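> Just the structure for this:
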Amino acid sequence: MSMSKRGWILFASLGIIWGTPYLFIRVAVASLSPAVVVCGRMGLAVILLLPFALKEKPLATWRQYKRGILMLAAVEMIVPFGALSIAEQHISSSLAGLLIAGVPITTGLLLRRINHDDQWDRRRVLGLAVGMAGIVALVGLDIRADNWWSIALCFVAVFGYAMGPIVITTKLEGAPDLASIVLAQVCAFVAYLPLLLWQLSNGTWKTAHAHEVGVPTTAWLSVLGLGVLCTAIAFALLFKLIAEVGPSRTTVITYINPAVAILLGVVFLNEPFTLGLAVGFPLVLIGSVLATRKQSVTS
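Numbering: from 1, shown residues only. From the prediction side, this is the model:
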């Protein structure tokens, strides 16, 4: 049985949307500190979603689902957003997007570990393998970066993103979507607020280059894009997609993300276009289709 039309629309929309933050982060951290970027995107998302979340009684949601909300904030926002913002001070947006493609495999392993496996059949396993082959081709079998700690931080983000859908499924089942999202975003904002205030007090909230020439409009627009598109809208779609297709299939969007991230990096940041890109794109797309197929039901 294939994914529903609604599932495909949600899948494609979120896959494209979550291919854009790597460009936005790369542009923003060239002038602003990671704390400014994370607090900015969290604050904007809360402002945008709060009027809608108030209808879902967020205080009651907090009392009932506090543990799950804190876990969601940690694994899906606090850790990966900070890790990627620091990493992209030293590596390209394309490389960051490529590394995040390890999320589906990580999620599958985690689901098996906690005995919450989503019954993957051979077709879906093949899809994951084909998708990963596409990622290897995209990387070109030769990852290069000036700072290997940045690579490690990206893998930290991978683990967090892999845990996010599992937390939503296991700890926030029955919780109101928007109330849970906004409360988690508030937690993430509060977590980074002390660091932001400290940086504002000593002037380290922007880079040395930005001190000399000022913070460009593109940096602020990137934070705006992160807050509105990649956080407020994306997380609202995430809950809907998980409810539609399950946690493991949801993470397969990270096979679409690198394609989007690379295209944006090539077009807007002049990042290199490689042979791996031409070979890897079809494999990524084919793998995504196969891996999002539900298990066949036999009589």
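> Going by residue numbers, what spans are helices in the stretch 101-250 of the chain?
Using DSSP state H, counting those that start in this stretch, the helices of the stretch 101-250 of the chain run over residues 103-113, 122-139, 148-171, 177-202, 208-213, 217-227, 234-245, 247-250.
> and Leu49, which of the ones you listed is closest to it?
Nearest of the helices of the stretch 101-250 of the chain to Leu49, taken as C-beta to C-beta: helix 177-202 at 5.0 Å. To be clear about C-beta, it is placed using only N, CA and C from the backbone, and glycine gets the same treatment.
> Need the winner for burial among the helices of the stretch 101-250 of the chain.
helix 247-250 (a mean of 26; mean count of other C-beta atoms under 10 Å).
> So which elements touch that one?
The contact analysis (3 or more C-beta pairs under 8 Å, 6 or more residues apart in numbering; DSSP states H and E) places helix 247-250 against helix 103-113, helix 148-171, helix 234-245.
> okay, that helix in PDB with CA atoms only?
In PDB, the C-alpha atoms belonging to helix 247-250 read as follows (Å, rounded to 0.1, in the frame of the first residue of the first chain):
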ATOM      1  CA  PRO A 247       8.200   8.200  12.600                       C
ATOM      2  CA  SER A 248      10.600   6.200  10.500                       C
ATOM      3  CA  ARG A 249       9.200   7.100   7.100                       C
ATOM      4  CA  THR A 250       9.000  10.700   8.200                       C
END
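> What average pLDDT does the helix or strand following that helix get?
Once helix 247-250 ends, the next helix or strand along the chain (criterion: DSSP states H and E) is helix 257-269. Averaged across helix 257-269, the pLDDT comes to 85.
> can you give me the angle helix 257-269 makes with helix 217-227?
Interaxial angle, helix 257-269 versus helix 217-227 (axes from the mean of the first three to the mean of the last three C-alpha atoms, to 10 degrees): 160 degrees.
> what packs against helix 257-269?
On a contact count with 3+ C-beta pairs under 8 Å, 6+ apart, helix 257-269 meets helix 5-17, helix 21-29, helix 93-99, helix 122-139, helix 275-291.
> What are the neighbouring residues in contact with the residue nearest to Phe239 when sequence neighbours are not counted?
Spatial nearest neighbour of Phe239, excluding adjacent residues (C-beta to C-beta, 6 or more residues apart in numbering): Asp177 at 4.1 Å. Contact analysis of Asp177 by C-beta atoms under 8 Å, 6 or more residues apart in numbering lists Glu56, Ala236, Phe239, Lys240.
> CSV for the helices and strands packed on helix 247-250, including distance to Leu183 and mean pLDDT?
Below are the helices and strands packed on helix 247-250 laid out as CSV (distance: least, C-beta to C-beta, whole Å; pLDDT from 0 to 100):
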stretch, distance to Leu183, mean pLDDT
helix 103-113, 23, 71
helix 148-171, 13, 89
helix 234-245, 11, 84
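> TSV please, covering the ones you listed and showing distance to Val228.
Formatted as TSV, the helices and strands packed on helix 247-250 follow (distance: least, C-beta to C-beta, whole Å):
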stretch	distance to Val228
helix 103-113	23
helix 148-171	20
helix 234-245	10
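> Ala30: which of those is closest?
Using C-beta to C-beta, the helices and strands packed on helix 247-250 put helix 148-171 closest to Ala30, at 14.5 Å.
> any idea of the angle that closest one forms with helix 177-202?
Using the same axes, to 10 degrees: helix 148-171 against helix 177-202 is 150 degrees.
> Check which helices and strands helix 148-171 is in contact with.
helix 58-73, helix 79-87, helix 93-99, helix 103-113, helix 234-245, helix 247-250.
> From Leu59, how far out is the nearest residue to Ile16 once chain neighbours are set aside?
Nearest residue to Ile16 in three dimensions, chain neighbours excluded: Val260, at 5.6 Å (C-beta to C-beta, 6+ apart). Distance, Val260 to Leu59, by C-beta to C-beta, to the nearest Å: 37 Å.
> The two: which is more packed in?
Val260 (19 against 10; other C-beta atoms under 10 Å).
> Glu56 touches Leu183, doesn't it?
No - if you go by C-beta atoms under 8 Å, Glu56 and Leu183 don't touch, sitting 10.0 Å apart.
> Let me see the contact set for Thr107.
So Thr107 contacts Ala162, Met163, Pro165, Ile166, Pro247, Ser248, Thr251 (C-beta under 8 Å, 6+ apart).
> which one of the helices of the stretch 101-250 of the chain lies closest to Leu50?
Nearest to Leu50, of all the helices of the stretch 101-250 of the chain, is helix 177-202, at 5.7 Å by C-beta to C-beta.
> Quick one: distance of that closest one to the chain centre.
17 Å (C-alpha atoms, centre = their mean, to the nearest Å).
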